[in-house]
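>>> Just the structure for this:
(chains A and B)
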Number of protein chains: 2
Amino acid sequence: MVLAAVRADLVEHGYDSLTIDTIAVRSGVHRTTVYRRWRDVGGLLTDVLAEATANIWQPPDTGTLEGDLSAINREIYAALTADPPITTALIAASFRSPGAARALQAFWTDRYTRCRPVVDRAIVRAEIPADTDPHRLLIAATAPLYHQLILLRTPASQALPDQAAHDAAAAATAGAFTSQ
Amino acid sequence: MVLAAVRADLVEHGYDSLTIDTIAVRSGVHRTTVYRRWRDVGGLLTDVLAEATANIWQPPDTGTLEGDLSAINREIYAALTADPPITTALIAASFRSPGAARALQAFWTDRYTRCRPVVDRAIVRAEIPADTDPHRLLIAATAPLYHQLILLRTPASQALPDQAAHDAAAAATAGAFTSQ
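Take a look at the predicted model:
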């Protein structure tokens, strides 16, 4: 009920007007209860994110490195351009709420760890060198989306997820991301 | 004097307490004067950023693509890990101030445009294919720094700038970033 109120409020008014008090009023839950359980807006957004992202998430297995990276990037792109913009609201919140920053950090650490099999499978298929650093490759594949959509505020382009995946896969195939 | 006051206030109190009034008091400049010239906090931040970044900036010319990208990345790394953290304070501010967001966007657009000769020179030296997309290459080289230091909040590592430069140069040499 409380998290549904957060989602609804984000949709209608955006992040700036989101407060524990408005959520308490909107959800009909006593503000003391909301404060005790979630402490701040960051805590609320953290649980909205956790709820939106099943913790049984596994990276897709398409049969190729580029296909897998494209599928991952399409999910990230969808999250970063979603309406309501839960993820971007949480990123904005992370600059003001240490709780939101920690939640995002934990979420991303978990996701990058879960994505490692994508790199392992590409190594097994001999698509890329055996000493490819999974983290560097996964960061290279995904960072352009975050950089362009969140920091540079480049208008969203459907081509972006596949392009970044293509470039990172080509780089890995050529032996980038190996120990230098 | 006014801009110095903005920098000092940002570092000491962060963006949240930054107002035209506090800056007027701190700088000793009459608030009407500050209002007339800068209008809002976004205007002040815009000029702080403009002042910090000389508009005669040129990318380094080291003789190799990887060398040039490393030099650019070391500058970005220095800015993102600087103390006082002006750049990160501006990035944080950009999520709440449309003026700060526009200022950052203009700054980055300018910088990426100024970096294009790095790619042109590499093409002339036949280091990379002639149809390499300069923007995609420059984003790939720099995005991992922003992603790791700003969003993932990975502890700073001196190896990061060179590694991202190396990986992007290797990718470009292998023909990534060409039209697909």
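
>>> can you list the weak-confidence ranges in chain A?
Along chain A, segments meeting pLDDT under 70 span A:14-15, A:52-55, A:180.

>>> interface residues of it facing chain B?
With C-beta under 8 Å from any C-beta of the partner chain as the criterion, chain A comes near chain B at residues A:16, A:91-92, A:94-96, A:101, A:104-105, A:108-109, A:136, A:139-140, A:142-144, A:146-148, A:150-153, A:163-164, A:166-168, A:170-171, A:173-177, A:180. C-betas here are computed from N, CA, C, even on glycine.

>>> Show me just the buried residues among these.
A:91-92, A:94-96, A:101, A:104, A:108, A:136, A:139-140, A:142-144, A:146-148, A:150-152, A:163-164, A:166-168, A:170-171, A:173-177 (16 or more other C-beta atoms under 10 Å in any protein chain shown).

>>> Now, these that are in helices?
Among these, the members found in helices (DSSP state H) are A:91-92, A:94, A:101, A:104, A:108, A:136, A:139-140, A:142-144, A:146, A:163-164, A:166-168, A:170-171, A:173.

>>> How about the most centrally placed residue in chain A: what's its closest non-neighbour residue?
Residue closest to the average C-alpha location in chain A (C-alpha atoms, centre = their mean): residue A:76, at 5.7 Å. Distances taken as C-beta to C-beta, 6 or more residues apart in numbering or on different chains place residue A:145 nearest to residue A:76, at 5.2 Å, with adjacent residues excluded.

>>> who touches that neighbour in this structure?
A:73, A:76, A:77, A:80, A:160, A:161, A:164 (C-beta atoms under 8 Å, 6 or more residues apart in numbering or on different chains).

>>> Restrict the one helix or strand the third one maps to to CA atoms and write it as PDB.
In the assignment (DSSP states H and E), residue A:77 maps to helix A:65-80. As requested, C-alpha coordinates have been extracted for helix A:65-80 and formatted as PDB (Å, rounded to 0.1, in the frame of the first residue of the first chain):
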ATOM      1  CA  LEU A  65      28.000 -12.600 -26.500                       C
ATOM      2  CA  GLU A  66      26.600  -9.700 -28.500                       C
ATOM      3  CA  GLY A  67      23.100 -11.100 -28.200                       C
ATOM      4  CA  ASP A  68      23.300 -11.500 -24.500                       C
ATOM      5  CA  LEU A  69      24.800  -8.000 -24.000                       C
ATOM      6  CA  SER A  70      22.000  -6.500 -26.300                       C
ATOM      7  CA  ALA A  71      19.400  -8.200 -24.200                       C
ATOM      8  CA  ILE A  72      20.900  -6.900 -21.000                       C
ATOM      9  CA  ASN A  73      21.200  -3.400 -22.400                       C
ATOM     10  CA  ARG A  74      17.600  -3.400 -23.600                       C
ATOM     11  CA  GLU A  75      16.500  -4.100 -20.000                       C
ATOM     12  CA  ILE A  76      18.700  -1.200 -18.800                       C
ATOM     13  CA  TYR A  77      17.400   1.100 -21.500                       C
ATOM     14  CA  ALA A  78      13.900   0.200 -20.600                       C
ATOM     15  CA  ALA A  79      14.500   0.900 -16.900                       C
ATOM     16  CA  LEU A  80      16.300   4.300 -17.700                       C
END
